[in-house]
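Participant: Structure for the following, please:
(one chain, ligands or ions: 1)
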Amino acid sequence: MQLPKSVLIDDIEYKVEEVSNKELQLTAEDLKGDYWGDTRYKKASIRICEGMAEDEAKITLVHEIIHAILQERGFDRQNNDEAMVDGLAHALRMLVKQNPELIREVMS
Ligand SMILES: [Zn+2]
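Facilitator: Purely as a prediction, here's the structure:
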């Protein structure tokens, strides 16, 4: 899957890259990480595990984007709630997929 090279979170450009699972695991101690992806806030970097099914890679990217949004907005406590972050990721992706006209209107 072709991921975007970066994503703007407020005025911070987060770099997006696919890395090996081994690379994610090796550096897991110094970040709030997930098995399939992680977000390194100081580096403004989102890493997604390579080789995943397309839908898994997409939802993982949305999950990490929500982490970055919560971090940049100062919601530190909420950012530790993995179940909430994951629920929001799935809900947001489905909202956008199922309501493209609404999204165009609301976001314009
Ligand atoms: Zn997470």
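
Participant: Could you pull up the mean pLDDT of the longest strand seen in the chain?
Facilitator: Counting residues, the longest strand found in the chain (DSSP state E) is strand 12-19. Averaging pLDDT along strand 12-19 yields 96.

Participant: Could you list the single helix or strand in this structure with the lowest mean pLDDT?
Facilitator: Among the helical and strand segments of the chain, the one scoring lowest on mean pLDDT, DSSP states H and E is strand 32-33, with a mean of 48.

Participant: I'd say residue 95 and residue 89 touch.
Facilitator: No: using CB atoms under 8 Å, residue 95 is not in contact with residue 89, being 10.9 Å away. (C-beta placed from N, C-alpha, C; glycine too.)

Participant: more crowded one of the two?
Facilitator: More crowded of residue 95 and residue 89, by other CB atoms under 10 Å: residue 89, with 20 against 11.

Participant: in what helix or strand does the more buried one lie?
Facilitator: Element membership of residue 89, judged by DSSP states H and E, is helix 82-98.

Participant: and the next element down the chain from that helix?
Facilitator: Next helix or strand after helix 82-98 toward the C-terminus (DSSP H and E): helix 100-107.

Participant: if we can go back for a sec, and the helix holding residue 89 with helix 100-107, angle?
Facilitator: Here helix 82-98 points in a direction 110 degrees away from that of helix 100-107 (axes from the mean of the first three to the mean of the last three CA atoms, to 10 degrees).

Participant: residues touching the residue most central in space within the chain, list them.
Facilitator: Among the residues of the chain, the one closest to the centroid is residue 64, at 1.8 Å (CA atoms, centre = their mean). The contact partners of residue 64, by CB atoms under 8 Å, 6 or more residues apart in numbering, come to 34, 37, 38, 39, 46, 48.

Participant: go again using 6 Å as the cut-off
Facilitator: Contacts here follow CB atoms under 6 Å, 6 or more residues apart in numbering; on that basis residue 64 touches 37, 39, 46.
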